[in-house]
Structure formats: C-alpha cells, structure tokens
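**Q** model this:
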Amino acid sequence: MALENVLEDKELGRLLIKVNPRARHMTFRTREDAIHISIPLGVTLAEVKNALEELRPRLRVARQKCNRPLIDLDFRIDAEYFKLSLVSGQGERFLSRSELGTMRIICPPGANFADEQLQAWLRKVIEEALRRNAKIVLPPVLYAFSQVYNLPYQGVKITSSGSRWGSCSARGNINLSYYLMLLPKHLIDYVLLHELVHTREMNHGERFWALLDELTEGKALALRKELKEYRTEF
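**A** Modelled structure (predicted):
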C-alpha cells in the first residue's frame, strides 16, 4: 500500500489513510475534514476495510457529531411529536419552558452560541426533553401495536442510542432511542413495528420482511429506505 491513500465512503465521507512506521495498531480519528486512519507497515487495504466495517456504527455516530448544526436562534425542531424553538429574551440567564410535545428556550441577549460549553449544555437540555417526551409517547403506541397485531413483548426501555433507532433482545425486551421523537409519525410507527416483528422473527430473513410488509401495507422496504434519510441526534 502507498504511504498515503484517500478513499471516499458513501456514508462516512473522506477517509485519509496514512502508513505510520512506528504504529503498532490501526487508529481511527474522526475530524471535520475526514476520518484519519493511521496504520502500521504491512497492513493491507483489505484489512483496513474490514476494520472499517467493524467500526462503522461508532464512526457513523462520531461523524454525525462533527457535522452537527449550531444551536442558536435560527435552530428549530419541527417534528410530529416534538417542536423546539429558541427566542431572545431580556434576562441574564437561559430559561427553558416545556410541556408535552413542545419546548421553548429563552436566551439572554448577546449569548455566545459559538461557545462549546454552551452548545453542550443546550444539547443536554434538549436531549432530556426528548427523553421525557419519548417515555410518555412511545410506550403506549408500542403497546397498542402489540395488542392489535398479537406481538407480545417483555418490556420497553427508552435509551439514548445514537447508533440505532431501536432493538429487540431474544427475550423480547425492546429498546427505543429517544431520537425517534425527531422522526415523522409514519417512520416512528415503522420502527416500532420493526422491533415488534423481531419478537417473532429474530433475524432479517424472508419471513421477517414478509410479516413486516404485511403490517405496513406492502411498504416495508420503501419505509426502510426513507428512514435512511434521517439520522439519530441533531
């Protein structure tokens, strides 16, 4: 392999691969311009690609964080079950007002939205609001689908997962990311049905897709494709 290589990944963007004679292991660092990959001498491109696939879920999340929009007075969330706005106020402190489905953050004049600590605090406040709303909204919808389609599950937990919208264990315990609250209603329904079908089919084989297709009026694959246009986090 050449000492330096540049690859383009459809999902992760630019990959900069550099041979480091002193390195003992491959390292992956996600930066704004690219994912920088440092490799020891003798490592092949095939080995780099294999490692990339193993780390893809984590790298995807890291890449999303690098591409996050700035949360400022122009930032909005306008989803089906959650709406957020930031407005300028007269006080010296930030204030948040929230009720089911909506949140308003009142910002002091002259707030420095470029400050990393402020951005981290704003994200934490919004994420907690998403979590609270998800705990109220999602479990009843999941239960209703379970009853209608006779797909019982053991329990449901709301998580902060940034790598997947939902999951189902072999014991029938379902995890749902609170980032589902950022999706349109029909995609939330799709994810919930997807996990419920896993209580009967614990893989993505033909029977799984046949049942999910039946529950989504023949739209399972189209909904899966549409879901890929969205991302967890914000």
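**Q** quick one: average pLDDT of the longest helix along the chain?
**A** Identified as the longest helix of the chain according to DSSP state H is helix 116-149. In this model, helix 116-149 carries a mean pLDDT of 96.
**Q** Give the partner strands of the next helix or strand after that helix in its sheet and their orientations.
**A** Downstream of helix 116-149, the first helix or strand assigned by DSSP states H and E is strand 155-159. Using DSSP bridges, the strands paired with strand 155-159 are strand 173-177 (parallel).
**Q** where's the partner strand relative to the chain centroid, distance-wise?
**A** 13 Å (C-alpha atoms, centre = their mean, to the nearest Å).
**Q** list the buried ones in that strand?
**A** Neighbour-count burial for strand 173-177 flags 174-177 (criterion: 16 or more other C-beta atoms under 10 Å). To be clear about C-beta, it is placed using only N, CA and C from the backbone, and glycine gets the same treatment.
**Q** Let's have those in TSV, adding distance to Lys124 and pLDDT.
**A** Listed next are those as TSV, based on distance: C-beta to C-beta, whole Å; pLDDT from 0 to 100:
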residue	distance to Lys124	pLDDT
Ile174	25	98
Asn175	21	97
Leu176	20	98
Ser177	16	96
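**Q** which one of the residues you listed is nearest Ala51?
**A** Distance to Ala51 across the buried residues of strand 173-177 (C-beta to C-beta) is lowest for Ser177, with 25.7 Å.
**Q** What's the local residue count around Pro69?
**A** 8 (other C-beta atoms under 10 Å).
**Q** can you give me the strands for this structure?
**A** 4-9, 13-19, 27-30, 35-39, 76-78, 83-88, 95-99, 102-107, 155-159, 166-168, 173-177 (DSSP state E).
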